[in-house]
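Asks: Let's see this in three dimensions:
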Amino acid sequence: MQPLQKRLIVGISGASGAVYGVRLLEVLKDSGIQTHLVMSRAARITLATETSYKVSDVERLAAVVHSNEDIGAACASGSFHTLGMVIAPCSVKTMSEIATGVTGHLISRAADVALKERRRVVLLLRETPLHLGHIRSMAAVTEAGAVVFPPVPAFYARPASLEEMVDHTIGRVLDLFDIDAGLVRRWTGERSRPKAKADE
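Replies: Model (predicted):
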């Protein structure tokens, strides 16, 4: 018997925060995990707006690249075994498609398939503030089995740069797939607090 290939689908939607998807691909590039990338059309615009990366740079980081229009791609089928899917970042539109099962593109279709196969799906939702419709979609997609993971900085790690903040988030996302990328400064107990000054 052959061991199953470890594969992870990475979706990048048009929400702000394209760096999360890029960094995830960078971390996994030489990990032995085969990454399958799907980028939306809006993601390409966001990538150009927020970063110095070209689409071709990002595609080179992935083992396999699929068009978001290709709903017949391998990752659109449950028989194509994967660890699951991360959408980083995830727009409200994409989350809502997954929550309702109305999957018109490959990103939402691949997530829908992963959920029906009871695989892990993590959504780095990028939106704030939230209205009731957003919250209802968050509840619905959570009930379907997805993990809503807004990329909230962990200040206890005392990040010294934006890169450290991004890395901590990506490390915590990979924790959900039992992958330790060595990016997380883990909490081991309360930091010692400075002693209070004596009253004068």
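
Asks: need the next SSE after the helix or strand hosting Val22, C-terminal direction.
Replies: Using DSSP states H and E, Val22 maps to helix 18-28. Counting by DSSP H and E, the next helix or strand C-terminal to helix 18-28 is strand 34-39.

Asks: helices and strands around that following strand, which ones?
Replies: strand 7-12, helix 18-28, helix 55-61, strand 64-67, helix 106-116 (3 or more Cβ pairs under 8 Å, 6 or more residues apart in numbering; DSSP states H and E). All C-beta spots, glycine's among them, are computed from the backbone N, C-alpha and C.

Asks: Throw these into CSV and include mean neighbour count, thanks.
Replies: Listed next are these as CSV, based on neighbours: other Cβ atoms under 10 Å:
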stretch, mean neighbour count
strand 7-12, 27
helix 18-28, 23
helix 55-61, 15
strand 64-67, 16
helix 106-116, 24
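
Asks: Figure out which of the ones you listed is closest to Ala146.
Replies: Judged by Cβ to Cβ, the one of the helices and strands packed on strand 34-39 that comes nearest to Ala146 is helix 106-116, at 6.3 Å.

Asks: who are the neighbours of the closest one, in terms of helices and strands?
Replies: strand 7-12, strand 34-39, strand 84-90, helix 92-100, strand 120-125.

Asks: so which of those gets nearest Asp180?
Replies: With distances scored as Cβ to Cβ, the stretch of these nearest to Asp180 is strand 7-12 (14.4 Å).

Asks: Only C-alpha atoms, please: export the closest one in PDB.
Replies: Extracted in PDB, the C-alpha atoms of strand 7-12 (Å, rounded to 0.1, in the frame of the first residue of the first chain):
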ATOM      1  CA  ARG A   7      -1.800  17.900   0.200                       C
ATOM      2  CA  LEU A   8      -3.200  21.200   1.400                       C
ATOM      3  CA  ILE A   9      -5.400  23.500  -0.700                       C
ATOM      4  CA  VAL A  10      -4.600  27.200  -0.400                       C
ATOM      5  CA  GLY A  11      -7.200  29.700  -1.500                       C
ATOM      6  CA  ILE A  12      -6.500  33.400  -1.800                       C
END
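
Asks: now that strand: how far from the chain's centre is it?
Replies: 8 Å (Cα atoms, centre = their mean, to the nearest Å).

Asks: What pairs with it, parallel or antiparallel?
Replies: According to DSSP bridges, strand 7-12 forms sheet pairs with strand 34-39 (parallel), strand 84-90 (parallel).

Asks: just to revisit the earlier point, most packed of the helices and strands packed on helix 106-116?
Replies: strand 84-90 (a mean of 28; mean count of other Cβ atoms under 10 Å).

Asks: what's in contact with that one?
Replies: Identification of contacts with strand 84-90 by Cβ atoms under 8 Å, 6 or more residues apart in numbering yields 8-13, 15-18, 20-21, 24, 75, 94, 107, 110-111, 114, 119-126, 151, 170, 173, 177.

Asks: Point out the other helices and strands that the lengthiest helix in the chain packs with.
Replies: The residue-count maximum for a helix in the chain (DSSP state H) belongs to helix 162-175. On a contact count with 3+ Cβ pairs under 8 Å, 6+ apart, helix 162-175 meets helix 18-28, strand 84-90, strand 120-125.
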